[in-house]
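Asks: just need the structure, nothing else, for what follows:
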Amino acid sequence: MNHLHNVITIIFCSFAASAANAHPATAHNNDRFVFGAEFDRDHVHTDSVHAVSGHHLRTMGTSSIATDELGESLELHGPGLDGQGAYVLIADSVDQFGDMPARELTVTSWVRIDEPTRWGGILSAVSDNGDREKGWVLGYDNDSFTFGISTTGADDGDGAMTYLNGKTAFESGHWYMVTATFDGESARLYVNGKLDAQTTAQHGEILYEQQTPIAVGAYIDSNELHTMQGRIRNVYLFDEAITPEQIAMEYERNSVIAELQPESEIQLEWTVEPFLCYATQRSISVLCELPVPAEVRLRYRPAVGDVREIHSSEKSGIHTIRIDGLEPGEPYYYEVIAESPEGTRVQTDPMSFQTAVERGKAFTFVMIGDTQSNPDVVKRVSDIAWSHRPNFVSIAGDLVTTGTNKSHWTHHFFPNMRPLINRVPIFPILGNHEQNARHYYEYMDLPDPEYYYSFSYGDADYFMLDSEKPMGPGSEQYLWLEDKLASSDARWKFVVHHRPPYSSDENDHGNSWLGPTTLGDQNPRQMVPLYEKYGVDIVFNGHVHVYERTFPLRDGQAVEHNGVIYMTIGGGGGGLEDFTPFNPWFGSKKVSTHHICYVEIVGGHLRMQAIDDQGRLFDQIEIRK
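Replies: Numbers count the residues shown, from 1 in each chain. Purely as a prediction, here's the structure:
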């Protein structure tokens, strides 16, 4: 076993993953060495890692020691049934870790990525929440390595990240030495000893969010966790920018690692089977996800006509294929085929979809809310919806329990929404449980900016809003909605957002058993004047896990005609809730049960049926215009 060289003048010493098995047993005595870890049997124990820098690390999720002809590494496995992907936690926070590089840094690692994803992390000390962007992260994005950093020189008040995206396209299962440096004036990314990207956009001191976790094998901050699937040999951090010559020399000395041939371990199979999203009269999106690089093509045809074929532009991860040039209201048949470079192939059964109908045509749709927490319930609810063969389904937020947890999408939401979403397009909105996570935006193909949008179907216009963002007068969504409503010529107008402006929930808006309650969320209630001014017919909401329908409302009171009906339809899967011990002025019908709402529109006639997860009708209304 080699020991670290105590050479101050050459910081990048032989401990950085030497080709045979340089697994250091003593810490470097140079004060520019901040952190280092070798992932072998000498340092990795059941649920901990003893770093060569003396730090004690914790392994999270499922990992194991992997052996190849040149030594050992830590294999990080993907999310299991518990939804936890594997990573190594260095410290719960930057503050807990102590001294981090301030003016300069070098971070380097030998890694093998087995499943390319977006927002992957190799070594992460980053906080990227909305406009608040601090820290740094060495990682990868789909098929290239990345380095992001935030400094005082580019600070806009909350910090601003700059991400370097490397030019080298890495291959799954192959080993790479990935290195990033910052010298106070420029940031550089190196792959296998060669400069891959650089920028001078960042300069000055490195900014940190003191409560940010520090981790190996994950992109992690206070509300996101993207874990790596692959292997990691080692990782080192210095508070000095190593020279390009030293980086190149270190790679050349260990380049035999990069020559290791990958084992064929990950099978070509659907991570997310193809599903439908956002149909118009002329187009529809088909999305799917695969764990390994593959060529994906979609074949489709009308009921009578020739087969056409579209190839995905993506090479790995999530594939989004938009089919254009279709005819309104017509059925089509499609199949999706994926083929790996080795010739392995997966293929769906033939499936169908239908484009949106034109004005004047009858149609049906299903509303579901809060498909979270209980997979068995979600499956029953989606199967009830599918049994009615609706034209489309809209989901009023909280599709999953935790939006940042990928397994909640891949193991809970998508599998239990089939066969409905294989054949019926979905039109979702964000809820609070999505946490505005990237998974939502990556899996859904919606008009920009995606957190609000509109669409037309038959004689109806739909306005989809994000009630987690400001909705008051002067806000972006308020101004957008007023413009859209004012220009709408649709016979029927519907609004969908997650939080209800009127609700009889017992405790979401104050404990109604003991004291005052606002009886609804005050943020979306600011939109009510617009709904009334422009003749919105029904506002669909979720969030509260019950069914509730108000009387038609206008000017703060129930009316017989020309009022807006508010419907809470949060019975898609989440644990059921209860109502106030009294009936508020707006309350018409209340039932605490899992359910869907099935809506039919023929010209000026609308009929809505509320159906529980056993298929029983428990409420119905009709509106005529």
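
Asks: from now on I want contacts and neighbour counts done on CA atoms only, so please keep to that.
Replies: OK.

Asks: how does the protein divide up, domain by domain?
Replies: Per automatic domain parsing, the structural domains of the chain span 33-259, 269-356, 357-624.

Asks: any chance of TSV for these, columns mean neighbour count and mean pLDDT?
Replies: TSV is the format used below for the domains of the chain (neighbours: other Cα atoms under 10 Å; pLDDT from 0 to 100):
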stretch	mean neighbour count	mean pLDDT
domain 33-259	21	91
domain 269-356	18	93
domain 357-624	20	95
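
Asks: tell me which residues touch residue 209, please.
Replies: Going by Cα atoms under 8 Å, 6 or more residues apart in numbering, residue 209 touches 94, 126, 127, 134, 135.

Asks: and after whichever helix or strand the second one is part of, which helix or strand comes next?
Replies: Using DSSP states H and E, residue 126 maps to strand 120-129. Under the assignment DSSP H and E, the closest C-terminal helix or strand after strand 120-129 is strand 132-141.

Asks: what are the contacting residues of that next one?
Replies: Residues from elsewhere that reach strand 132-141 (Cα under 8 Å, 6+ apart): 107, 116-128, 145-151, 158-161, 165, 179-180, 206-209, 219.

Asks: the helix or strand just after that strand - contacts with which helices or strands?
Replies: For strand 132-141, the following helix or strand on the C-terminal side (DSSP H and E) is strand 144-150. Counting contacts by 3 or more Cα pairs under 8 Å, 6 or more residues apart in numbering; DSSP states H and E, strand 144-150 packs against strand 132-141, strand 161-169, strand 187-191.

Asks: now do the end-to-end distance for stretch 389-400.
Replies: Criterion Cα to Cα, to the nearest Å; first-to-last residue distance in stretch 389-400 is 23 Å.

Asks: and the contacts of that stretch?
Replies: Here stretch 389-400 has contacts from 354, 356, 363-373, 408-409, 412-413, 424-434, 496-498, 540-543, 569-570, 598, using Cα under 8 Å, 6+ apart.

Asks: can you tell me which of those residues are in strands?
Replies: If you go by DSSP state E, the contacts of stretch 389-400 have 354, 363-368, 426-428, 496, 540-541, 569, 598 in strands.

Asks: tell me where the stretch 451-600 of the chain has helices.
Replies: Applying DSSP state H, counting those that start in this stretch to the stretch 451-600 of the chain gives helices spanning 476-487, 522-525, 528-533.

Asks: dump the last one to CSV, restricted to CA.
Replies: I take that to be helix 528-533. Taking Å, rounded to 0.1, in the frame of the first residue of the first chain, the C-alpha atoms of helix 528-533 are listed here in CSV:
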residue,chain,number,x,y,z
VAL,A,528,-61.6,35.4,-7.2
PRO,A,529,-62.5,38.9,-8.6
LEU,A,530,-61.0,37.8,-12.0
TYR,A,531,-63.0,34.5,-11.9
GLU,A,532,-66.2,36.4,-11.3
LYS,A,533,-65.5,39.3,-13.7
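
Asks: contacts only, for residue 251.
Replies: With Cα under 8 Å, 6+ apart, residue 251 has these contacts: 177, 192, 193.

Asks: 6 Å instead, please
Replies: Residues near residue 251 by Cα atoms under 6 Å, 6 or more residues apart in numbering: 192, 193.

Asks: just to be sure, it is in a helix?
Replies: Yes. Residue state for residue 251 (DSSP: H, G, I helix; E, B strand; the rest coil) corresponds to a helix.

Asks: measure it to residue 51 for me?
Replies: 22 Å.

Asks: same check on residue 237?
Replies: Taken as Cα to Cα, the span from residue 237 to residue 51 is 12 Å.

Asks: how about residue 522?
Replies: Here residue 522 is placed at a distance of 51 Å from residue 51 (Cα to Cα).

Asks: beta-bridge partners for residue 510, please?
Replies: Residue 510 forms beta bridges with residue 508, as assigned by DSSP bridges.

Asks: likewise residue 72?
Replies: Using DSSP bridges, the bridge partners assigned to residue 72 are residue 67.

Asks: again with residue 454
Replies: For residue 454, the beta-bridge partners under DSSP bridges are residue 463.

Asks: one more: residue 199?
Replies: Note on residue 199: beta-bridge partners by DSSP bridges are residue 187.

Asks: pretty sure it contacts residue 187?
Replies: Yes. The pair residue 199 and residue 187 passes the contact test of Cα atoms under 6 Å, sitting 5.5 Å apart.

Asks: which residues touch residue 33?
Replies: residue 238.

Asks: repeat that with 7 Å
Replies: Contact analysis of residue 33 by Cα atoms under 7 Å, 6 or more residues apart in numbering lists 237, 238, 239.

Asks: name whatever forms a beta bridge with it.
Replies: residue 238.

Asks: check the gap between the residue nearest to residue 424 when sequence neighbours are not counted and residue 623 for me.
Replies: Leaving aside its chain neighbours, residue 424 sits nearest to residue 392 (5.3 Å; criterion: Cα to Cα, 6 or more residues apart in numbering). Remark: distance between residue 392 and residue 623 (Cα to Cα) = 20 Å.

Asks: what of residue 556?
Replies: Distance, residue 556 to residue 623, by Cα to Cα: 21 Å.

Asks: residue 450 now?
Replies: In terms of Cα to Cα, residue 450 sits 30 Å off from residue 623.

Asks: if we can go back for a sec, to residue 592, which of the helices and strands packed on strand 144-150 lies closest?
Replies: strand 132-141 (39.4 Å; Cα to Cα).

Asks: partner strands of the closest one, with direction?
Replies: Paired neighbours of strand 132-141 in the sheet (DSSP bridges): strand 120-129 (antiparallel), strand 144-150 (antiparallel).

Asks: closest to residue 66 out of these?
Replies: Relative to residue 66, the nearest member of these by Cα to Cα is strand 120-129, separated by 17.5 Å.

Asks: what's in contact with the closest one?
Replies: Here strand 120-129 makes contact (Cα under 7 Å, 6+ apart) with 133-141, 209, 212-221, 226-228.

Asks: mind doing that once more with 8 Å?
Replies: In this structure, residues lying in contact with strand 120-129 by Cα under 8 Å, 6+ apart are 94, 107, 109, 111, 133-141, 161, 208-209, 212-223, 226-228, 235.

Asks: next: stretch 260-274.
Replies: Contacts made with stretch 260-274 from outside it, assessed by Cα under 8 Å, 6+ apart, are listed as 114, 173-175, 286-292, 336, 339-340, 344-346, 410, 414-415, 422.

Asks: how far out from the middle of the chain is it?
Replies: Relative to the chain's own centre, stretch 260-274 is displaced by 21 Å; criterion: Cα atoms, centre = their mean, to the nearest Å.

Asks: distance to residue 587 for the strands paired with strand 132-141 - can I get that in TSV?
Replies: Below are those laid out as TSV (distance: least, Cα to Cα, whole Å):
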stretch	distance to residue 587
strand 120-129	38
strand 144-150	51
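
Asks: among those strands, which is nearest residue 460?
Replies: Closest among the strands paired with strand 132-141, once you apply Cα to Cα, is strand 120-129, at 36.1 Å.

Asks: CA atoms only: put the closest one into CSV for me.
Replies: The C-alpha trace of strand 120-129 is given here as CSV (Å, rounded to 0.1, in the frame of the first residue of the first chain):
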residue,chain,number,x,y,z
GLY,A,120,-25.9,14.5,-10.9
GLY,A,121,-23.4,15.2,-8.2
ILE,A,122,-19.9,13.8,-7.6
LEU,A,123,-18.9,16.2,-4.7
SER,A,124,-21.5,18.7,-3.7
ALA,A,125,-21.5,21.7,-1.3
VAL,A,126,-24.2,23.6,-3.2
SER,A,127,-27.5,25.5,-2.5
ASP,A,128,-29.5,26.2,-5.6
ASN,A,129,-33.0,27.1,-4.4
